[in-house]
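Participant: Give me coordinates for this.
(2 chains)
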Number of protein chains: 2
Amino acid sequence: MTAVFELLQQDSASAARRGRIHTAHGSIETPVFMPVGTQATVKGVLPETLRDLGAQIILGNTYHLFLRPGEGLIKQLGGLHKFMNWSGPILTDSGGFQVFSLGKLRKISEDGVRFQSHHDGSHQVLTPESSIAIQQALGSDIIMVFDECIPYPASRDYVLESTARSGRWARRCKQAHDNSDGSLLFGIVQGGMYADLRRGSAAELVEIGFDGYALGGLSVGEEARMMYQVMEDTLPHLPADAPRYVMGVGTPENLVEGVRRGVDMFDCVMPTRNARNGVLFTSFGKISIKQARYRDDDQPVDPACDCYVCRNYSRAYLRHLYMSNEILSSMLNTMHNLHYYLHLMEQMRAAIADDTFTAFCRDFYARRQSDDR
Amino acid sequence: MTAVFELLQQDSASAARRGRIHTAHGSIETPVFMPVGTQATVKGVLPETLRDLGAQIILGNTYHLFLRPGEGLIKQLGGLHKFMNWSGPILTDSGGFQVFSLGKLRKISEDGVRFQSHHDGSHQVLTPESSIAIQQALGSDIIMVFDECIPYPASRDYVLESTARSGRWARRCKQAHDNSDGSLLFGIVQGGMYADLRRGSAAELVEIGFDGYALGGLSVGEEARMMYQVMEDTLPHLPADAPRYVMGVGTPENLVEGVRRGVDMFDCVMPTRNARNGVLFTSFGKISIKQARYRDDDQPVDPACDCYVCRNYSRAYLRHLYMSNEILSSMLNTMHNLHYYLHLMEQMRAAIADDTFTAFCRDFYARRQSDDR
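Facilitator: Modelled structure (predicted):
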C-alpha cells in the first residue's frame, strides 16, 4: 500500500515543504489550494475550466449537500464526482462549521448537534457517525471529522470543554469510518487561541491516528498574527509524514505565511466570493473593478498575469459587465481569481523545488502596493 | 467586389434556400440563427464557447450599448468586437424595438424618438442618423435601419402612417450610412399584418436599395399562422439575391416554418432567456427542468442530443443547480439551448444541401410530443 503522503522536499530556510497526497481519484501536489464547491459546483466555473486553471482537488460542503439535494440522491446517481462531472479528488468538510454558524438555530449535546435547516426550518441532526456516513455516501476522497469550530473570542473554559468533546467525536468518527473505498480521514485540531490546548488537541488526534491533520477554528475573526502563532505552536506537534491542512484560510498573504510555516493544504471561498463582488486579486494587491477609474481603462486586470481573462479582456469591459450585472462578470472574475490563487500555489511549489522560497516571499511582498501581512 | 450574398441552393419542394453572406468579419452560412448579446455579452457564455457551439454571428443591442457603456467608450476601446472578445460578424439592431417598447417614456416625431433611459430616467434622443452613427461607432458588420416596430394589434391607419414614416427614416439611414468600413445596411419591412402595406413597404425599400431586407414587427403577440402569412405575402417581393431576415423570431417551429418560406436569418432571446428560467429545448419539445419528476432522473436533458451538457450531466444535476440558484445552471442550460438552436439550423442547411428538406420537416414534427405549428 502506497503511503498517503510523500514528503518530497523540505525548504532549507523555513518550514515550507513540497509533497504529494495520494487519493482514490489521483494524487495532489502540495502545497495546494482547494477551490470551494459548496453545492456540487464551484460557483460560476465549468469543471473542465477548473482543471485547465490547475485545480487539483475541490471541496464539497456536507451541510449543504445533506440538505439539498441529499446524499442519498447523490449516491443513487453515482456519487458526487459523477453528479458534478469532476473526476479529480474531492475533500468534504464535516458540516460542523456551517451547523455551528447557525447560532440559535442549533443545540449541541454529547451525541451531536440538532439544528434547523436554513432552507425550510426543518429539524435536522448531525452526529459524528452521520457526518461520516454522509461523506461516504457522497464518495468523498478526503473525509473530515465532525467537530465544533470554536468562535473567537472564546473563554478558556469553553474552549477546553469544546475541544475535549471534539476529541471524543474524532474518536467516534475514526470508529465510524470505513476506508475500504479508499477514502482518507483527517482529524481537526481545535483549542482556540490557547497554545497548550492546541498542543493537547494535536496530541490526542495523533494518538487516535488519522491520514492527515487540519487546523480548525482559524480565520474566524482573529488577527493574522494570532493565526500564524497558532500555526507555529501547533504544526511542530503534528507528524511530518502526514498532510497538514488549515481550514477556511485565506488571503494570498495567509497562504504564503502558512506555506512558510509548513502548511500543505488550504481552502477558502475568498477567490470565488470576491470575484462575484467584483474584487480581483493581482500581483500588486486587490482591486475593486466597479471603481469609476476603470471605466475607460484598456489594460488587463493585472498586466503581469497571463490568464485567459487578462489575455482577452480590459478592465473597462470587466467593469461594464459588473455594472450591467451580467453572468459573464462572475464567470470571468472567478476565472481570474482562481488562476491567481492556483498560480500562486504553483509558484510556491516551484520555489520550494528550486530552494528559492525565501526569495519568492521577498518578491511577493515587494510587488504589493499595500501588504496586510 | 464580392456580392454580399451568394445564393447557393434552392430547395426543389419549398422556398427554403441555402446561401452565404459576406461581411467584414467573415462569411456566414445561411439559414442562420444569431444568438443575442444584448449588453456586449451573450448572457452566461464565453465567446469561445459560442464559437464552439457553432455560432457564426451574434447580435448586439444598440439601445443598451448606447446607454451603457456608451458607443463612444466602445469605439475608444477598439470597437465592439475587441471590447467583447468576439472576432466573428456582429449584427446590431437599430434601437427602435427597445425605444418603442418604452411606452409612455417615449415620444415619436418626424425627426426621431425622444425617450427616457430605463436606467436613470435621463432624457435621450434617437434619430435615423444617430442610430446609424452609433452602430458605426460600435463597428457593426450588419447595421439595421431605424424604424418603428409596430405593436399588434394596430389599426390600418396607424400602420399606414407608421410604415410611411419608417420608409422616410430608411431613406435617411441609407443617406447617413458610410459603407467605407465594409459594413452592410439592411432595410426593415413593416406594414403590420396588412399584406398590401407589407408589399408597399417592401417595394419602397427595394427601390431605396439595401444589402439585405428584414421583416420587422413580427413575434409581437400575433398567432404563428399570421406570422407565416406575412412571410408568404412579403418574401416573394424581396430580391432573391439579398439575404432575408425575420427579426426577433422565434420558437424552433417558427425557424423551420421560416426557412421553409425562404428566410435566411433569425435572432431571438428565447434560447438564452428560457435557459435562465430552466426551460430547455429538446427534439421532443420543451421541458421545465425544475419539475419534481426530474429530481432523481439520471438521463441527459435530451437522449438524442450530443452536446457537452447532455454528454456530461443528468437532468437531476441540472434540476439541483436550478433549485440551488447556481450560476452554473444558467451556464449549462444556455449552452444546451444554444446548441439546440444552432444545431437545428445546421441540420436545415444540410437538408437543403441534400434536397431532403421536406423529409427533415416531417421528421422534425414527428419527434415532437406536442407541436405548436
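Participant: Quick check, A:A242 in contact with A:A214.
Facilitator: No. Contact between A:A242 and A:A214 fails when scored by CB atoms under 8 Å: they sit 10.5 Å apart. From N, CA and C alone the C-beta is placed, and that goes for glycine too.
Participant: where's the residue lying closest to A:A240 once chain neighbours are set aside relative to A:H64, distance?
Facilitator: In space, A:A240 comes closest to A:L7 once its chain neighbours are excluded; the distance is 6.4 Å by CB to CB, 6 or more residues apart in numbering or on different chains. A:L7 sits at a distance of 33 Å from A:H64 (criterion: CB to CB, to the nearest Å).
Participant: between those two, which one's more packed in?
Facilitator: A:H64 (19 against 16; other CB atoms under 10 Å in any protein chain shown).
Participant: quick one: which of A:A242 and A:A214 has more around it?
Facilitator: Neighbour totals were compared for A:A242 and A:A214, and A:A214 leads with 29 against 23 (other CB under 10 Å).
Participant: Excluding its own residues, what touches the host helix or strand of the more buried one? List them.
Facilitator: Assignment of secondary structure by DSSP states H and E places A:A214 within strand A:212-215. In this structure, residues lying in contact with strand A:212-215 by CB atoms under 8 Å, 6 or more residues apart in numbering or on different chains are A:4-5, A:21, A:142, A:144, A:184, A:186-189, A:198, A:202, A:205-206, A:230-231, A:234-235, A:238-239, A:242-247, A:263, A:265.
Participant: Next, A:D111: secondary structure please.
Facilitator: Remark: A:D111 carries the secondary structure label coil [criterion: DSSP: H, G, I helix; E, B strand; the rest coil].
Participant: Which residue, other than its chain neighbours, is closest to it?
Facilitator: Leaving out its chain neighbours, the residue that sits closest to A:D111 by CB to CB, 6+ apart is A:T127, at 5.7 Å.
Participant: residue contacts, the one you found?
Facilitator: For A:T127, the contacting residues are A:D111, A:G112, A:V113, A:F146, A:R172, by CB under 8 Å, 6+ apart.
Participant: quick one: pLDDT of it?
Facilitator: A:T127 carries a pLDDT value of 97.
Participant: Same check on A:D372?
Facilitator: In this prediction, A:D372 carries a pLDDT score of 42.
Participant: Neighbours of A:C305, how many?
Facilitator: Here the neighbour count serves as a burial measure; for A:C305 (other CB under 10 Å) it reads 19.
Participant: just checking, it touches A:N337?
Facilitator: No. Between A:C305 and A:N337 there is no contact, the gap being 10.7 Å when judged by CB under 8 Å.
Participant: Please list all residues in contact with the residue nearest to A:A240.
Facilitator: A:R17, A:G19, A:A240, A:D241.
Participant: Adding secondary structure, write the residues you listed out as JSON lines.
Facilitator: Listed next are the contacts of A:L7 as JSON lines, based on three-state DSSP:
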{"residue": "A:R17", "secondary structure": "strand"}
{"residue": "A:G19", "secondary structure": "strand"}
{"residue": "A:A240", "secondary structure": "coil"}
{"residue": "A:D241", "secondary structure": "coil"}
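Participant: all helices for the stretch 1-150 of chain A, in order.
Facilitator: When secondary structure is read from DSSP state H, counting those that start in this stretch, the stretch 1-150 of chain A shows helices at A:47-53, A:62-67, A:71-76, A:80-84, A:96-101, A:128-138.
Participant: which of those has the lowest average pLDDT?
Facilitator: helix A:96-101 (a mean of 87).
Participant: Could I get the buried residue list for that one?
Facilitator: In terms of neighbour count (16 or more other CB atoms under 10 Å in any protein chain shown), helix A:96-101 has its buried residues at A:G96, A:F97, A:Q98, A:V99, A:F100.
Participant: and it with chain B, contact?
Facilitator: No. Using CB under 8 Å from any CB of the partner chain, no contact is recorded between helix A:96-101 and chain B, whose separation bottoms out at 14.7 Å.
Participant: Show me what that helix is packed up against.
Facilitator: Helix A:96-101 makes packing contacts with helix A:62-67, strand A:113-116 when contacts are defined by 3 or more CB pairs under 8 Å, 6 or more residues apart in numbering or on different chains; DSSP states H and E.
Participant: do you know which of these lies nearest chain B?
Facilitator: Across the helices and strands packed on helix A:96-101, chain B has its closest neighbour in helix A:62-67 (8.3 Å, CB to the nearest CB).
Participant: Only C-alpha atoms, please: export that closest one in PDB.
Facilitator: Extracted in PDB, the C-alpha atoms of helix A:62-67 (Å, rounded to 0.1, in the frame of the first residue of the first chain):
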ATOM      1  CA  THR A  62     -21.500  18.300   3.600                       C
ATOM      2  CA  TYR A  63     -24.100  20.600   5.300                       C
ATOM      3  CA  HIS A  64     -25.300  22.000   2.000                       C
ATOM      4  CA  LEU A  65     -25.400  18.700   0.100                       C
ATOM      5  CA  PHE A  66     -27.100  16.900   3.000                       C
ATOM      6  CA  LEU A  67     -29.900  19.400   3.000                       C
END
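Participant: so what does that helix touch, helix or strand wise?
Facilitator: Applying 3+ CB pairs under 8 Å, 6+ apart, we find helix A:62-67 packed against helix A:71-76, helix A:96-101, strand A:123-126, helix A:128-138.
Participant: Spell out for me which residue occupies the centre of chain A.
Facilitator: For chain A, the residue lying nearest the average C-alpha position, counting by CA atoms, centre = their mean, turns out to be A:D267 (1.4 Å).
Participant: what's that residue in contact with, if anything?
Facilitator: Listed by CB under 8 Å, 6+ apart, the contact partners of A:D267 are A:F33, A:M34, A:P35, A:V36, A:L59, A:L91, A:Y245, A:M247, A:G248, A:V249.
Participant: The fourth one contacts A:C268, doesn't it?
Facilitator: What that stands for is A:V36. Yes. A:V36 lies in contact with A:C268 (CB under 8 Å); the separation is 7.0 Å.
Participant: Counting neighbours, go ahead and name the busier of these two.
Facilitator: A:C268 (23 against 20).
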